[in-house]
Each structure stands twice: as structure tokens, then as C-alpha cells.
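sequence first, predicted coordinates after that:
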Amino acid sequence: MLLANQTQADSFRLGFPLDCTIGETCFVEDYVDHDPAKGKQTDFACGLNSRDGHKGTDFALLSFDEIAKGVAVLAAADGVVFRTRDEMPDDRLMRGVTSQNACGNAVIVTHADGWRTQYCHLKLGSITVQPGETVEQGQVLGFVGLSGQTNHPHLHFSLYQGKALVDPFQTGPLGQCETSDTSLWQEPIPYTKTGIMTAGFSDHIPDLQEVRDGSAFRETSAASQPLVVYMHAAYAQHGDLLTLSAQGPEGEIFEREIVLKSPQASHLRAFGRKAPAGGWPNGEYLGEALLTRKGKVIAHRFAHLTVN
């Protein structure tokens with residue numbers, strides 16, 4: 001759907017909605033999905049950095065510790081607070097989450113000419129504004145949390161004009177990509193085609209088919225089994241640095257750096273450890289796959305496992 005009034009789009013500009021630095025303390029994890037086909041996804045630049053049916057932009061943090069420190073969610077433009085919700089717990093297991101409250105703790109702001117912005121997954125008790133309140137661009141609305149349908153710290157940011165979803169990176173019609181170079185951001189936000197499609201724990205070094213069909217993925221494991229973190233990336237470049245790591249109840253288990261040697265449409269890498277004598281201690285385990293290019297973060301994924 002084309003915007004009803006392109007002149008309105010030309011005059012409406014967005015500030016960055018999160019108090020972080022792209023490539024250093026946060027990155028764009030997923031963009032609006034431009035592919036209407038079920039089971040497929042395409043971002044605004046015809047890349048794969050989206051999820052099927054994704055209706056916003058995900059700005060992700062690199063650590064769960066940042067939730068406690070507090071990362072401010074900022075109004076992207078002047079407007080009036082339309083609605084808030086600040087009652088859902090920060091719970092990566094997403095207990096009690098439904099399609100009606102998947103956004104979690106949230107703020108909706110209305111703007112001139114029918115524009116509307118939505119800010120999801122805020123920290124419980126952190127929202128600083130009330131419905132009817134006038135806000136200015138850059139004003140703190142709340143802080144990033146783990147409420148709603150999320151298992152990692154990020155801001156899900158959505159933009160609408162009237163009832164139409166708009167991709168702020170490319171304001172042409174959804175269902176297409178690379179149709180224009182228009183953007184509603186006041187300051188350009190760098191884009192890279194490279195992305196991590198998935199990461200997870202397994203009990204063995206998986207092959208690509210196991211990763212694609214999900215049979216490699218483990219949410220629980222026995223204490224006697226190996227702990228392996230795997231990552232599947234798209235369009236990595238020669239020299240990109242991948243770090244695979246895992247932590248458990250007793251601290252770091254491993255951290256492995258892997259230099260990707262050749263540009264490929266698909267990279268699968270994995271690393272792990274055998275269980276120690278007596279097995280792994282029961283509890284929660286956190287895996288991470290971090291992809292950097294010339295010192296800048298371009299992709300990152302968490303993985304979770306329970307040993308019992």
C-alpha cells in the first residue's frame with residue numbers, strides 16, 4: 001500500500017528510539033517483513049534480516065545485564081501519548097503471554113498527519129509517561145525490559161500511518177523491496193545484509209539440515225551430555241569474526257573465536273565441550289553467537305538451555 005500522502009512522509013522524520021550506539025551497544029536484529037508469502041521473510045533491502053510476518057524493527061541489546069542498568073526508550077518524534085501498558089512481568093519464558101499482550105509493557109504515541117509509533121517489551125514499572133501527555137522527540141518513555149513475547153532484551157518499534165504499517169527504512173509499498181532509497185530516519189542507520197538466522201544449544205555438532213529442520217535444537221539436556229552452541233549465518237564476509245560462548249551456573253564454560261574465511265551465502269559453525277566428570281550442574285545455561293566486522297557488531301543471538 002502506498003502512503004496516502006507522500007508529502008506527509010517527506011515532512012515526517014524519526015529520531016533514534018533507543019539510548020544506545022548501533023554496532024557498539026546495540027544493533028538492528030530484525031526489520032519489517034516485506035514478503036507476504038507464509039513461511040518466508042525479506043527485509044527492505046531484499047535481504048533475510050526479518051522474520052515471517054514481522055511488523056516492526058527490533059533494536060537488540062547485547063547483554064541481559066543492560067536491563068538492570070537501564071537503557072532508555074526514547075520518543076522518535078513529537079506527539080501525544082495515546083496508550084500505555086505497564087503491568088506485565090519481565091519473563092523470558094513468556095508465561096501468560098497471548099496474542100493480545102505480545103507487545104508486553106508498551107507505549108503508543110500519536111503524531112501529526114495520522115502517524116503513530118509503538119514501543120514494545122519495556123521493563124515493568126519503567127514507563128515514565130501517561131496517556132494524554134505531550135512528549136518531545138528524544139524524551140524518555142521507559143526502559144528496555146523482557147515483557148511480552150520476547151526472550152532477549154530488545155525494543156520492538158513499529159510505525160503506522162492510519163491503519164497502514166510503514167517501514168521507516170523504505171517508505172514504498174510493503175510486499176516489495178529495493179523500490180526506493182527513501183527513509184524516515186533523521187540520521188542514517190547502517191544496514192548490512194549479513195545476519196544470524198538462528199543460534200541454539202545442541203548435544204552434538206549438527207549438520208545444516210538438522211539446524212534448518214530444528215532437530216538439532218535443545219531446550220533441556222541431561223547433565224552427562226555435551227554442551228554445543230551452533231550458529232547459522234547468511235552472507236557473512238571474509239574476515240568476519242564469530243564468537244561462540246556459553247555460561248552456566250558456575251560461570252564461563254567456553255568462549256571460542258572463529259574467523260570466517262570466505263564470503264558465502266550460508267555459514268554454519270559450532271563449538272562445545274564434553275560434560276565434566278560428574279556432569280554439568282543443574283540450572284540455566286546461556287549461549288551467545290556474536291558476529292563482528294572490523295570491530296563493529298553486525299549480528300548477535302542468544303540461546304537458552306536448562307540442565308536437569
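Sure thing, it's come through. Numbers count the residues shown, from 1 in each chain.

C-alpha from now on. contacts and neighbour counts both.
Will do.

give me the distance between Gly145 and His121.
According to C-alpha to C-alpha, to the nearest Å, Gly145 stands 6 Å off from His121.

shared neighbours, these two?
His154 (C-alpha atoms under 8 Å, 6 or more residues apart in numbering).

okay, now the unreliable bits of the stretch 151-300 of the chain?
179-180 (pLDDT under 70).

enumerate every residue touching Leu241.
257-260, 291-293.

quick check: Tyr235 is in a strand.
Yes - counting by DSSP: H, G, I helix; E, B strand; the rest coil, Tyr235 is found in a strand.

could you find the closest non-adjacent residue to Gln161?
Trp115 (4.4 Å; C-alpha to C-alpha, 6 or more residues apart in numbering).

what's the neighbour count on the one you found?
21 (other C-alpha atoms under 10 Å).

repeat that for Gln100.
If we define neighbours as other C-alpha under 10 Å, then Gln100 has 8 of them.

can you give me the helices in the stretch 151-300 of the chain?
Assigned by DSSP state H, counting those that start in this stretch, the helices in the stretch 151-300 of the chain fall at 208-213.

isn't Ala60 right up against Glu29?
Yes - Ala60 lies in contact with Glu29 (C-alpha atoms under 8 Å); the separation is 6.0 Å.

quick one, which of the contacts of Leu241 are buried?
Buried members of the contacts of Leu241, counted by 16 or more other C-alpha atoms under 10 Å: 260, 291-293.

can you redo those as a markdown table with distance to Gly15?
Shown next, in a markdown table, are the buried ones among the contacts of Leu241 (distance: C-alpha to C-alpha, whole Å):
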| residue | distance to Gly15 |
| --- | --- |
| Leu260 | 34 |
| Leu291 | 26 |
| Thr292 | 25 |
| Arg293 | 25 |
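
what is the burial count for Arg273?
Arg273, neighbours per other C-alpha under 10 Å, totals 15.

just the one 10 residues further on next, same as before
For Gly283, the number of neighbouring residues by other C-alpha under 10 Å comes to 14.

wait, isn't it in contact with Glu250?
No - between Gly283 and Glu250 there is no contact under C-alpha under 8 Å: 9.6 Å.

which stretches of the stretch 201-308 of the chain form strands?
In the stretch 201-308 of the chain, the strands defined using DSSP state E, counting those that start in this stretch lie at 220-221, 227-236, 241-248, 251-259, 264-273, 283-293, 296-307.

would you map the strands across the stretch 1-150 of the chain?
Under DSSP E, counting those that start in this stretch, the stretch 1-150 of the chain gives strands at 26-30, 57-61, 72-74, 79-85, 105-110, 115-122, 134-135, 140-143.

mind checking pLDDT for Ala9?
At Ala9, the model reports a pLDDT of 57.

contact partners for the spatially closest residue to Ser50 that is not a sequence neighbour?
Leaving aside its sequence neighbours, Ser50 sits nearest to Asp30 (C-alpha to C-alpha, 6+ apart; 4.4 Å). For Asp30, the contact set (C-alpha under 8 Å, 6+ apart) comprises 49-51, 54, 56-59.

okay, those residues in CSV with pLDDT and neighbour count next?
Converted to CSV, the contacts of Asp30 look like this (pLDDT from 0 to 100; neighbours: other C-alpha atoms under 10 Å):
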residue, pLDDT, neighbour count
Asn49, 95, 25
Ser50, 96, 26
Arg51, 94, 21
His54, 97, 19
Gly56, 98, 25
Thr57, 98, 22
Asp58, 98, 21
Phe59, 98, 20
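
is Leu18 in contact with Leu61, as I believe?
No - at 10.0 Å, Leu18 does not count as touching Leu61 under the criterion of C-alpha under 8 Å.

tell me the contacts of the closest residue to His300 other than its chain neighbours?
Leaving aside its sequence neighbours, His300 sits nearest to Leu290 (C-alpha to C-alpha, 6+ apart; 4.5 Å). Leu290 makes contacts with 242-244, 297, 299-301, as judged by C-alpha under 8 Å, 6+ apart.
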